[in-house]
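[1] Structure here, sequence nowhere to be found:
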């Protein structure tokens with residue numbers, strides 16, 4: 001192959017860019033806004049899409065106008081003065097018409113619309129109607145978070161309100177077949193767009209709720225424009241979802257799509273496939289949860305059995321302590337111990353009394369000798385006492401002399417001549433006077 005015919009990526013990209021920009025130097029494009037982002041640079045990045053295609057778009061900051069004095073589509077001048085530019089209020093879901101040129105962004109190899117003008121178009125009225133109904137139903141509490149119910153855990157009977165020919169229900173059923181422990185589905189077939197679709201969907205929701213077979217009701221529809229999703233922005237459908245006696249899961253459109261049915265549902269999924277993921281967990285996760293629950297149950301049972309065993313032992317011990325038989329045995333043992341102590345004390349007392357009696361008997365046996373000794377001692381004392389009797393000498397002819405003051409005269413120096421004395425003899429006293437004093441010898 002001739003190398004001259006082989007193009008580099010850059011060369012081919014540049015050739016495509018020139019051809020693209022030359023063929024579409026200025027175009028008008030209508031579509032629904034999606035993937036909207038506003039980075040710090042001030043540019044606005046988004047995409048335009050319809051039912052089958054998506055076109056990347058960028059609105060550079062320098063091309064934006066803070067206000068529009070005329071309608072860029074019709075050229076009509078606004079009589080009430082300039083209106084804020086759409087760039088600031090642009091949001092996902094809007095139907096707009098853009099004017100600009102196509103360009104190829106070489107670093108990513110994608111073509112995109114470089115927006116110069118943009119305005120709401122046609123279905124902008126649908127968006128306004130959506131906002132009006134949303135405000136009305138919100139005031140009635142239809143969207144209140146506190147009235148929303150949780151979905152059943154591992155539901156076994158699921159009602160599907162959807163088009164049986166759509167890709168949404170097939171994706172949902174395919175994923176559901178790979179998840180959960182197995183469930184039974186009942187499809188309530190309805191058209192999901194077009195004339196008469198809202199009424200058919202409302203009737204299906206009411207019938208599924210009235211039958212009472214399902215544990216949860218799922219609304220399914222693939223993505224689309226605001227016009228395509230018009231059936232799910234019906235006021236009667238929002239009220240039917242709100243009044244459903246069983247929980248409602250909405251899997252409508254793509255992640256950026258919000259309908260009144262989404263807002264009224266108990267749970268909203270980003271896509272139909274996401275609805276299956278919300279409703280039914282992966283089987284591997286179920287197995288792990290089951291294994292964890294089994295382990296936790298076993299551990300709890302072992303702990304409870306251990307506590308019960310300990311409690312049983314405590315109760316058995318308490319019963320033994322409180323048992324009348326144990327009380328009688330304890331009292332019998334205490335009585336026996338006290339009896340042993342009493343008998344021991346009695347024997348000790350008898351032994352002490354016996355010893356004391358023996359000592360007393362021994363003492364009594366020694367009394368005759370003691371009496372003899374006491375009698376001899378007494379006789380000796382009597383003799384001594386008799387010997388000391390001052391009257392005894394008087395019987396042998398002696399007398400005692402006392403002075404007037406009663407003192408006895410023991411020597412001649414005790415008296416004076418002429419002094420009166422009293423002489424005491426055996427049978428009385430004799431008054432005398434000293435005539436003279438003569439020393440012995």
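    Nice, I can see it. This is a predicted model, so every value here is computed, not measured.
[2] buried stuff in the host helix or strand of residue 202?
    Secondary structure assignment for residue 202, by DSSP states H and E: helix 197-211. Across helix 197-211, burial judged by 16 or more other C-beta atoms under 10 Å covers 197, 198, 200, 201, 202, 204, 205, 208, 209. C-betas here are computed from N, CA, C, even on glycine.
[3] cool, and stretch 17-37?
    By 16+ other C-beta under 10 Å, the buried positions in stretch 17-37 come out as 17, 29, 31, 32, 33, 34, 35, 36.
[4] In a markdown table, list these along with distance to residue 406, secondary structure and pLDDT.
    Shown next, in a markdown table, are the buried residues of stretch 17-37 (distance: C-beta to C-beta, whole Å; DSSP: H, G, I helix; E, B strand; the rest coil; pLDDT from 0 to 100):
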| residue | distance to residue 406 | secondary structure | pLDDT |
| --- | --- | --- | --- |
| 17 | 174 | helix | 87 |
| 29 | 171 | strand | 90 |
| 31 | 167 | strand | 89 |
| 32 | 163 | strand | 90 |
| 33 | 160 | strand | 91 |
| 34 | 159 | strand | 91 |
| 35 | 157 | strand | 90 |
| 36 | 155 | strand | 92 |
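[5] Please identify which of those is nearest to residue 163.
    Lowest distance from residue 163 to the buried residues of stretch 17-37 (C-beta to C-beta) belongs to residue 32, with 20.5 Å.
[6] returning to what we had before: so for the helix holding residue 202, what's the average pLDDT?
    For helix 197-211, mean pLDDT is 95.
[7] ok, which stretches of the stretch 251-400 of the chain are helices?
    In the stretch 251-400 of the chain, the helices defined using DSSP state H, counting those that start in this stretch lie at 260-264, 272-279, 283-322, 324-365, 367-387, 392-395.
[8] Can you name the two of the buried residues of stretch 17-37 that sit furthest apart?
    Spanning the widest gap among the buried residues of stretch 17-37 are 17 and 32, at 26.8 Å by C-beta to C-beta.
[9] give the contact list for the closest residue to residue 248 other than its chain neighbours.
    Nearest residue to residue 248, sequence neighbours excluded (C-beta to C-beta, 6 or more residues apart in numbering): residue 265, at 4.5 Å. By C-beta atoms under 8 Å, 6 or more residues apart in numbering, the contact set of residue 265 is 219, 241, 248, 249, 250.
[10] of all those residues, which two lie farthest apart?
    The most widely separated members of the contacts of residue 265, counting by C-beta to C-beta, are 241 and 249 (10.2 Å).
[11] more neighbours, those two?
    Using other C-beta atoms under 10 Å, the more surrounded residue of residue 241 and residue 249 is residue 241, with 26 against 22.
[12] Identify the residues contacting that one.
    Counting by C-beta under 8 Å, 6+ apart, residue 241 has contacts 205, 219, 248, 250, 261, 264, 265.
[13] 6 Å instead?
    By C-beta atoms under 6 Å, 6 or more residues apart in numbering, residue 241 lies in contact with 248, 261, 264, 265.
[14] Grab the nearest non-local neighbour of residue 156.
    residue 183 (5.3 Å).
[15] Just give me the neighbour total for that neighbour.
    For residue 183, the neighbour count with other C-beta under 10 Å is 17.
[16] Check the one 5 residues further on too.
    Taking other C-beta under 10 Å as the criterion, the count of residues near residue 188 is 19.
[17] contacting residues for it?
    161, 204, 208.
[18] and the closest residue to the last one other than its chain neighbours, what element?
    Right, residue 208. Closest residue to residue 208 apart from its sequence neighbours, by C-beta to C-beta, 6+ apart: residue 159 at 4.2 Å. Assigned by DSSP H and E, residue 159 falls within strand 157-162.
[19] Can you tell me what sits against the helix or strand that comes right after that strand?
    Remark: after strand 157-162, the chain's next helix or strand is helix 167-177, criterion DSSP H and E. Residues from elsewhere that reach helix 167-177 (C-beta under 6 Å, 6+ apart): 162, 220, 221, 222, 272, 273, 276, 280.
[20] one step back: the strand holding residue 159 vs helix 197-211, what angle?
    Orientation of strand 157-162 against helix 197-211 (axes from the mean of the first three to the mean of the last three C-alpha atoms, to 10 degrees) gives an angle of 170 degrees.
[21] Okay, now the sheet partners of strand 157-162, with direction.
    Under the criterion DSSP bridges, strand 157-162 sits next to strand 184-189 (parallel), strand 216-221 (parallel) in its sheet.
[22] Including distance to residue 308 and mean pLDDT, could the ones you listed go into a markdown table?
    Output for those, formatted as a markdown table (distance: least, C-beta to C-beta, whole Å; pLDDT from 0 to 100):
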| stretch | distance to residue 308 | mean pLDDT |
| --- | --- | --- |
| strand 184-189 | 41 | 96 |
| strand 216-221 | 40 | 96 |
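[23] Pipe those into TSV and attach distance to residue 351 per row.
    As requested, the strands paired with strand 157-162 are arranged in TSV below (distance: least, C-beta to C-beta, whole Å):
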stretch	distance to residue 351
strand 184-189	100
strand 216-221	98
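[24] Compare those strands and report which one is nearest to residue 82.
    strand 216-221 (39.9 Å).
[25] right, and the helix or strand after that closest one?
    Counting by DSSP H and E, the element after strand 216-221 in chain order, helix or strand, is helix 235-242.
[26] report the angle between the axes of that next one and strand 157-162?
    With the same axes, to 10 degrees applied, the angle from helix 235-242 to strand 157-162 works out at 170 degrees.
[27] buried set for helix 235-242?
    Residues 235, 237, 238, 239, 240, 241, 242 are the ones in helix 235-242 that count as buried (16+ other C-beta under 10 Å).
[28] wait, which of the buried residues of stretch 17-37 is closest to residue 9?
    The nearest member of these to residue 9, counting by C-beta to C-beta, is residue 17 at 12.2 Å.
[29] quick one on the thing from earlier: for the residue nearest to residue 248, give its distance to residue 93.
    18 Å (C-beta to C-beta, to the nearest Å).
[30] Please apply the same query to residue 371.
    Using C-beta to C-beta, residue 371 is found at 144 Å from residue 93.
[31] Of these two, which one has the most company?
    Applying other C-beta under 10 Å to residue 371 and residue 93 shows that residue 93 carries more neighbours, namely 20 against 11.
[32] For that one, give me the pLDDT.
    pLDDT, residue 93: 83.
[33] what about it, which SS state?
    Under DSSP: H, G, I helix; E, B strand; the rest coil, the three-state class of residue 93 is coil.
[34] how near is it to residue 237?
    From residue 93 to residue 237 the distance is 18 Å (C-beta to C-beta).
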